[in-house]
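Visitor: need a 3D model of the sequence below.
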Amino acid sequence: MSPVKPLTDAEATAVVKESITRIVPDADFGLVRPDDRFRDVLELDSLDFLSLVELLSERTGVRIDEEDYPELTTLADATRFLVGRSRDAAGPTP
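Guide: Numbering: from 1, shown residues only. Presented below is the predicted three-dimensional model:
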């Protein structure tokens, strides 16, 4: 696995939306506000959500454990989680 690159808010939000779109191609993000539970709004079932977790981990290099799942409830939460975890995983900047 390649080293984790710290993500900006914009990069993290983009990767979440792009990953959801790969699982639910007709996802309408016009219906999803940052603090909406996107699983409910976009009707992701549990298998869709697990696929999303796997995709996010693959695309960002961030390890996502089952206890982290509550951090991936809304777009804002998922963005905060990925930004924080990517910074933690990347370690100190030289």
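Visitor: hey, let's count contacts and neighbours off CA atoms from now on
Guide: Will do.
Visitor: the strand or helix carrying Glu58 packs against which elements?
Guide: Assigned by DSSP states H and E, Glu58 belongs to helix 46-60. For helix 46-60, the elements it packs on are helix 9-23, judged by 3 or more C-alpha pairs under 8 Å, 6 or more residues apart in numbering; DSSP states H and E.
Visitor: please state the offset of the helix or strand just after the helix it packs on from the chain centre?
Guide: Counting by DSSP H and E, the next helix or strand C-terminal to helix 9-23 is helix 38-41. Centroid displacement of helix 38-41 relative to its chain, using C-alpha atoms, centre = their mean, to the nearest Å, is 13 Å.
Visitor: repeat that for stretch 17-33.
Guide: 12 Å.
Visitor: can you mark which positions in that stretch are buried?
Guide: For stretch 17-33, a neighbour-count test (16 or more other C-alpha atoms under 10 Å) marks Lys17, Glu18, Ser19, Ile20, Ile23, Ala27, Val32 as buried.
Visitor: equivalent analysis for stretch 85-94, please.
Guide: So for stretch 85-94, counting by 16+ other C-alpha under 10 Å, buried means Arg85, Ser86, Arg87, Ala90.
Visitor: check contacts around the closest residue to the third one other than its chain neighbours.
Guide: By that I understand Arg87. Residue nearest to Arg87 in three dimensions, not counting chain neighbours: Pro6, with 4.7 Å by C-alpha to C-alpha, 6 or more residues apart in numbering. Pro6 sits next to Val83, Ser86, Arg87, Ala89, Ala90 when contact means C-alpha atoms under 8 Å, 6 or more residues apart in numbering.
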